[in-house]
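**Q** Task: produce atomic coordinates for the following.
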Amino acid sequence: MTDGEEVTCRPLRTQALWVFVGLGAAGAVVAAGRLAYAGVWVDWWVGGGLSAVVVGVASLHGATLRVSADAYGVHCGSRLRRRRSVPWHDIADLRVHIQYGRYGEEYVRVGMLLRDGRTRRLPLPVSGSGADRPDFDATLDALRALHRRHGEPESDHLAVISRHTAGRGVAVPLVLCVLLLAGAGLAAWLVPVVGATKEAWTSAVPCAAGTPSAERGECLTTLDAVIERTEAGRGKQAGGLYFAGDRPLDRLTVSQEGAKGFRAGDRVELTLWRGQVRVVAGEHHVWREHFTSADSVAVVAALLALAAGWPGARLLVHRRGRRLADDEVLPSVLPFLGVLVATALWLVPLCYLHPTGLPASAGPLAWAAAGTAGTSGLLVLAWRATRVRTPGQDASGGAEPQESAGEDVFLAARFLESTDYNPNRFGTHIVLGDGPPAIVPHPGPGR
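**A** This is a model prediction of the structure:
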């Protein structure tokens, strides 16, 4: 709702939210009653009631959310969150932010660029379809009119920030890159540990008669047992073997195939190593514990390190485009993804064949050297292909060229909707010249 001096935004659809609020209140009553009756927190009724309370509280916040703007600034709050205000003189500009859902759907929101460089996104208004887009545009126009009347906007241009522009955030790719690199480092640290464990298991021999009990963990000990019952498990759950008299243990976790291979009453021989059952041998079936090999862990480490290159490439391209306007389109990271794929073609097999390090032979060393040289060359090409050029620069990165008669001019543009002449919003620039205007997905020939 808008008028001349005030803009007010409330959620459009609140019926479902109020239903969840009621369920949350009912859950609070159920949890309190069950807690008073049973006196324990670990209970299905208590847990379900508390979960409903959490959902109800979140729904109450969403149902009572209110964003307003007047002559003093922009205000946001709800019944569960105190009102926060930002005066107009602290707002440098109003922008449009495009967010993306899990299945590619787009949500358009309003963002405030503050004088100190920070950005705050307003929870309302929001547009998720073409039906409510006119209301969103009208509210945005009213907010910008109030900003011009009572504040000092830095520009009359409406910047549209998407995942392809220089103004997008880098928190998500930064966190993802750090997590993937941490996982790669952990996997690389586990390579020698896993390799030594499997080698020790492979070389283990049965314990001699006079072996002390303290040293029996490194040799093989056999025990006889009787299976009381089996549990195959459902779905992706592991199976289990139960032994009569709980000897030498109550339950042994095995694979589903291993559990199906035994029957109740089967006499089996158990092989123990390092205090755990590693082999169950019966008359018709034998189950052996699987030991992860060092080569598979090395491959996982290499894949995680290569996967970290994708968010790393996004960070690099964003860093190189720091001088661009926030709504300028950044170069694609596809050239760097090509480098990562080419690197995986030689690095992953090398890690699989030599997980603990390269031997002194000439073959693996030449393989690694050739792969490194190829990756370096592709990296240079990707660096040049993703070079950020400011408007007016030529393909060689020189100064602004002189426009000649009849030469096409490429102007950067942002298309908010798909049209017949620009399907799927592929275009990034408008071409102006002797002919009719055209739309292209690049800033000019050779760029």
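**Q** what sits up against the strand or helix carrying L94?
**A** For L94, the host element (DSSP states H and E) is strand 91-100. Among residues not part of strand 91-100, those counted as contacts by C-beta atoms under 8 Å, 6 or more residues apart in numbering are 73-74, 106-115, 119, 121, 140, 143-144, 147, 151, 153-155, 158-163, 167, 326-327. Where you see a C-beta, it was placed from the backbone N, CA and C, and this is true even at glycine.
**Q** what do you get if the cut-off is 7 Å, keeping everything else the same?
**A** 106-115, 121, 143-144, 147, 151, 153-155, 158-163 (C-beta atoms under 7 Å, 6 or more residues apart in numbering).
**Q** Could I have the CA atoms of that strand written out in CSV?
**A** Presented in CSV, the C-alpha positions along strand 91-100 are these (Å, rounded to 0.1, in the frame of the first residue of the first chain):
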residue,chain,number,x,y,z
ILE,A,91,21.0,5.1,2.2
ALA,A,92,23.1,5.8,-0.9
ASP,A,93,20.9,4.0,-3.4
LEU,A,94,18.1,1.5,-3.8
ARG,A,95,18.7,-1.6,-5.9
VAL,A,96,17.0,-4.7,-7.2
HIS,A,97,18.4,-8.1,-6.2
ILE,A,98,17.5,-11.2,-8.0
GLN,A,99,17.7,-14.4,-5.9
TYR,A,100,17.4,-17.9,-7.2
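**Q** Would you tell me what the next helix or strand after that strand is?
**A** Assignment by DSSP H and E places the next element after strand 91-100 at strand 106-114.
**Q** so where's the stretch 301-447 of the chain uncertain?
**A** Low-confidence segments of the stretch 301-447 of the chain, defined by pLDDT under 70: 389-406, 414-426, 441-447.
**Q** need the strands for it, in chain order.
**A** Listed in chain order, the strands found in the stretch 301-447 of the chain under DSSP state E, counting those that start in this stretch are 409-412, 429-432, 438-440.
**Q** For A188, the count of nearby residues, please.
**A** By other C-beta atoms under 10 Å, the residues close to A188 number 18.
**Q** Could you do the one 5 residues further on as well?
**A** Around V193 sit 11 other residues, with neighbours defined as other C-beta under 10 Å.
**Q** need the strands for the stretch 151-300 of the chain, in chain order.
**A** Counting by DSSP E, counting those that start in this stretch, the segments of the stretch 151-300 of the chain that form strands are 160-161, 221-231, 239-243, 251-254, 267-273, 276-281, 286-288.
**Q** Could you export those to TSV, including columns for mean neighbour count and mean pLDDT?
**A** Formatted as TSV, the strands of the stretch 151-300 of the chain follow (neighbours: other C-beta atoms under 10 Å; pLDDT from 0 to 100):
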stretch	mean neighbour count	mean pLDDT
strand 160-161	20	89
strand 221-231	15	90
strand 239-243	20	90
strand 251-254	18	89
strand 267-273	17	92
strand 276-281	17	92
strand 286-288	17	92
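**Q** of all those strands, which lies closest to S78?
**A** Comparing the strands of the stretch 151-300 of the chain by their distance to S78 (C-beta to C-beta), the top pick is strand 160-161, with 25.4 Å.
**Q** Given the closest one, what are its sheet partners and their directions?
**A** As defined by DSSP bridges, the strand partners of strand 160-161 come to strand 91-100 (parallel).
**Q** Tell me the gap between the strand it pairs with and the middle of its chain.
**A** Here strand 91-100 shows a centroid-to-chain-centroid distance of 22 Å under the convention C-alpha atoms, centre = their mean, to the nearest Å.
**Q** Going by neighbour count, list what's buried in that strand.
**A** Across strand 91-100, burial judged by 16 or more other C-beta atoms under 10 Å covers 91-98.
**Q** Throw the residues you listed into JSON lines and include pLDDT, thanks.
**A** Conversion of the buried residues of strand 91-100 to JSON lines gives the following (pLDDT from 0 to 100):
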{"residue": "I91", "pLDDT": "93"}
{"residue": "A92", "pLDDT": "92"}
{"residue": "D93", "pLDDT": "92"}
{"residue": "L94", "pLDDT": "93"}
{"residue": "R95", "pLDDT": "92"}
{"residue": "V96", "pLDDT": "91"}
{"residue": "H97", "pLDDT": "91"}
{"residue": "I98", "pLDDT": "90"}
